[in-house]
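> Need coordinates for the below:
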Amino acid sequence: MPLDHRRLRGPEESRPPALWAAAGEVPEERDGAGAPRDPCALRPLFVRAGLLSQAEGSAYVELGGGTKVLCAAWGPREAADPGAGGGRLLCEFRRAPFAGSGARARPGSAAEREAEREAALALREALEPAVRLGRYPRARLAVSALLLQDGGSALAAAISASAVALADAGVEMYDVAVGCALCRAPGPAGPWLLQPAEAEERRAAARLTVALLPALNQVSAVLGDGEGGSPDTWAQAVRLGLDGCHRIYPLLRQSLLRAARRRDATTAAATAAVPEPR
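Numbers count the residues shown, from 1 in each chain. The predicted model follows:
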């Protein structure tokens, strides 16, 4: 894959601006070492669909704590291979050079490309069961997710944003895929936490991302790694993640409804502005 020269190549080493702030103005570091939080609590979520005019469908998702993901969707378009039988879903996941606050891989390096490739494969695995690819023979659909800021639960936010972008583009889907991330706190009896922050993910003994089609009650993807304990512990984490997906689902639907109303209002205003022929 050629190097993307349009990317902003930031400095190799960066430091947070709080280091240069006055002593009394330095904010407390959000490392999760303070008071224990409710493991079942969801972080505040903001979703907006139809944000980009250059794409056929788009969505922006922001989680409380700093995670920001912008997704765009295109298609259906004619596939490059005319012999392709069914529709294809192409997924891309990119990470902005300034997305993380800590150490990062060199932009365009092999480590960063491999991480983005794995995230794109996970994104495609979670979205394919939700899209009716059989309705688009010999066509391709494309989804591009850009991680603007990594505050934890980035892949889950990208799954939800990509599904909303596809629905905003008018792609026929069985349901909107909802992503929810979890992590297990270190220790022999560490609890599973819903929508962990970046510091919690960094210290976690195990991580899990669940994708669900709530209307069908069908799991589209389960992605996890680490040492989560016994199988019953993992089953408990999956149930907790599914409950989180059901609670996020109404927010995604409301964002699509608001986008449809804005589009209808814009169309009506444009129609009213056109003078009637005499």
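> what about the helices in the stretch 151-278 of the chain?
When assigned using DSSP state H, counting those that start in this stretch, the helices of the stretch 151-278 of the chain occupy the ranges 154-168, 198-203, 231-273.
> Same list (these) but as TSV, adding distance to residue 91 and mean neighbour count.
No exception for glycine: its C-beta is placed from N, CA and C like everyone else's. What follows is the helices of the stretch 151-278 of the chain, written out as TSV (distance: least, C-beta to C-beta, whole Å; neighbours: other C-beta atoms under 10 Å):
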stretch	distance to residue 91	mean neighbour count
helix 154-168	7	29
helix 198-203	22	18
helix 231-273	18	15
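> Where does pLDDT dip in this protein?
1-36, 81-86, 101-109, 188, 228, 274, 276-278 (pLDDT under 70).
> wait, what's in contact with the residue positioned nearest the centre of the chain?
Centroid check for the chain by C-alpha atoms, centre = their mean gives residue 158 as the closest residue, at 1.0 Å. The neighbourhood of residue 158, defined by C-beta atoms under 8 Å, 6 or more residues apart in numbering, consists of 61, 69, 71, 93, 119, 123, 145, 147, 179.
> From those, pick the one nearest residue 168.
Proximity of those to residue 168 was ranked by C-beta to C-beta; the top entry is residue 71 with 9.4 Å.
> partners of the closest one in the sheet?
Assessed by DSSP bridges, residue 71 has beta-bridge partners residue 59, residue 145.
> any idea how far residue 162 is from it?
5 Å (C-beta to C-beta, to the nearest Å).
> Give me the common contacts of those two.
With C-beta under 8 Å, 6+ apart as the test, residue 71 and residue 162 both reach 59, 143, 145.
> what's the burial count for the second one?
Spelled out, that is residue 143. Using other C-beta atoms under 10 Å, residue 143 has 29 other residues around it.
> now the helix or strand it falls within and helix 154-168, what's the angle there?
Element membership for residue 143 (DSSP states H and E) is strand 139-149. Taking axes from the mean of the first three to the mean of the last three C-alpha atoms, to 10 degrees, one finds strand 139-149 and helix 154-168 inclined to each other by 140 degrees.
> thinking in terms of the whole chain, how far from its middle is strand 139-149?
10 Å (C-alpha atoms, centre = their mean, to the nearest Å).
> Return it as CSV; C-alpha atoms alone will do.
Extracted in CSV, the C-alpha atoms of strand 139-149 (Å, rounded to 0.1, in the frame of the first residue of the first chain):
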residue,chain,number,x,y,z
ALA,A,139,-21.6,-4.0,-6.8
ARG,A,140,-19.5,-2.8,-4.0
LEU,A,141,-20.1,-0.7,-0.9
ALA,A,142,-17.4,1.3,0.8
VAL,A,143,-17.1,2.5,4.4
SER,A,144,-14.2,4.6,5.7
ALA,A,145,-13.8,5.3,9.5
LEU,A,146,-11.4,7.9,10.7
LEU,A,147,-10.4,7.9,14.4
LEU,A,148,-9.9,11.6,15.3
GLN,A,149,-9.3,11.0,19.0
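> For that strand, which outside residues touch it?
So strand 139-149 is contacted by 66-80, 87-96, 98-99, 123, 127, 131, 133, 154, 158, 161-162, 165-166, 171 (C-beta under 8 Å, 6+ apart).
> Once you drop chain neighbours, what's closest to the residue nearest to the centre of the chain?
The shortest distance from residue 158 to any non-neighbouring residue, by C-beta to C-beta, 6 or more residues apart in numbering, is to residue 145 (4.3 Å).
> now residue 215
Leaving aside its sequence neighbours, residue 215 is closest to residue 175 (4.4 Å, by C-beta to C-beta, 6+ apart).
> what residues are up against that neighbour?
130, 213, 214, 215, 216, 218.
> And for residue 247?
residue 42.
> Look up how far residue 119 lies from it.
When residue 247 is compared with residue 119 (using C-beta to C-beta), they lie 24 Å apart.
> Same question for residue 175.
In terms of C-beta to C-beta, residue 175 sits 22 Å off from residue 119.
> Residue 136 now?
24 Å.
> Need the helices of the stretch 151-278 of the chain in CSV (columns: distance to residue 49).
As requested, the helices of the stretch 151-278 of the chain are arranged in CSV below (distance: least, C-beta to C-beta, whole Å):
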stretch, distance to residue 49
helix 154-168, 4
helix 198-203, 25
helix 231-273, 4
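> Which of the ones you listed sits closest to residue 185?
Closest to residue 185 of these is helix 198-203 (C-beta to C-beta; 7.4 Å).
> Thank you kindly, that will do.
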